[in-house]
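Asks: give me coordinates for this.
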Amino acid sequence: MKFYKYILIILAVFSIKLIQAQQEPNYMLYRYTMNVINPANAGADESDHLTTNYRKQWVNIEGAPETQSFFYSRKMNDKIGLGLSLVSDKVFVESQTSFNIDFSYNLQLSRWLNLYLGLKAGGSTYDVDKGGLDNYGVQDDPVLGNIDSGFRPNFGAGAYLVHHKYYISLSVPRILSSKRIDEEEGRITQATQEAHIYLSGGYNFTISDNTEFRPSTMIRYVGGSPISVDLTGAFRFNDRFEVGVAYRTDAAFGGLLMVNALDWLDVGYAYESSTRSEITDNSSGIHELFLRFKFKSRE
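Replies: A predicted model of the protein is given here:
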């Protein structure tokens, strides 16, 4: 598929009078980016940490989705955790930035089992760079002028059950459905951002003193779209080096690498490729980079 066809597809999406179920970005390294989608993860780790994640989709296709995420998690005490997250998502002439504050409360069920309950509050801004169409020699579409780009509040909740051998995560990071709607000359334009539901789980199987097998899954659901399921299998060696493969049911597969480079620094990389020929013939896949800086918790 040539580039001009890709542009026409995007413009066709813009011209639809009703755009339903705008999806949040996916992460192949979801096991390490839980703070973005589940407020209960705030303060749940042994150390406070600052994490950044960069995801570039469909490399070599101009205007393809690009996501930058930053989040900070702090364990205030044995019960309370706080977190901050900032996510910037851009595709073609669209851009969205969200900012949220997370609060978690720990219910210790046993020596090794903890249940964290979390709340998320914040909001997002949305913008369409109508002038950006000029770069492609495309005339401005009047439909774009009807889109409401104002601030949209957000509220979310989640639960995180964690054991030293396994975890289960359930969250709805966006409970409020935001609608951008306007009417002009009898024409109604609406874009809806629906609630997302995430269910994830994983287990750590001990193979030897220095090797673990860590399978996990992430299930995503948003109204108006098919359920998406990630299946991941990874091996961790000496508690410092992890390598794995992943498959997503909506036609994607890839691999991941995580390295505990220093006691205070984790570095990760993931590569993802589509099984759809119209994408693979014109791009070099999806690249995801991850950095996590760890700090000593205050007990």
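
Asks: and residue 255, what is it in contact with?
Replies: 243-246, 270-271 (CB atoms under 8 Å, 6 or more residues apart in numbering). Every residue, glycine included, has its C-beta placed from N, CA and C.

Asks: mind checking pLDDT for it?
Replies: For residue 255, the model assigns a pLDDT of 97.

Asks: what's opposite the closest residue in space to residue 254 that isn't next to it in sequence in the beta bridge?
Replies: What sits nearest to residue 254 in space, not counting adjacent residues and going by CB to CB, 6 or more residues apart in numbering, is residue 272, at 3.6 Å. Counting by DSSP bridges, residue 272 forms beta bridges with residue 254, residue 286.

Asks: how many residues are close by residue 272?
Replies: Applying other CB atoms under 10 Å, we find 21 residues neighbouring residue 272.

Asks: what about it, distance to residue 55?
Replies: According to CB to CB, to the nearest Å, residue 272 and residue 55 sit 9 Å apart.

Asks: buried set for the helix or strand where residue 259 lies?
Replies: Counting by DSSP states H and E, the element that carries residue 259 is strand 252-262. Neighbour counts over strand 252-262 (16 or more other CB atoms under 10 Å) mark 252, 254-258, 260 as buried.

Asks: which residues does residue 205 bridge with?
Replies: Residues in beta-bridge contact with residue 205 (DSSP bridges): residue 213.

Asks: which residues of this structure score low on pLDDT?
Replies: In the predicted model of the chain, residues 1-23, 130-149, 177-193, 277-282, 297-299 satisfy pLDDT under 70.

Asks: again, only using 90
Replies: Applying pLDDT under 90 to the chain picks out residues 1-26, 45-47, 56-66, 89-96, 124-152, 174-196, 222-226, 250-252, 273-286, 295-299.

Asks: can you give me the helices in it?
Replies: Ranges of helices in the chain, per DSSP state H, are 3-15, 34-37, 277-280.

Asks: quick one on the thing from earlier: what's the most distant pair in the buried residues of strand 252-262?
Replies: 252 and 260 (26.7 Å; CB to CB).

Asks: what about the closest residue to residue 250 other than its chain neighbours, distance to residue 219?
Replies: Nearest-residue entry for residue 250: residue 228, 5.1 Å, with adjacent residues in sequence omitted and distances by CB to CB, 6+ apart. For residue 228, the distance to residue 219 equals 7 Å [CB to CB].
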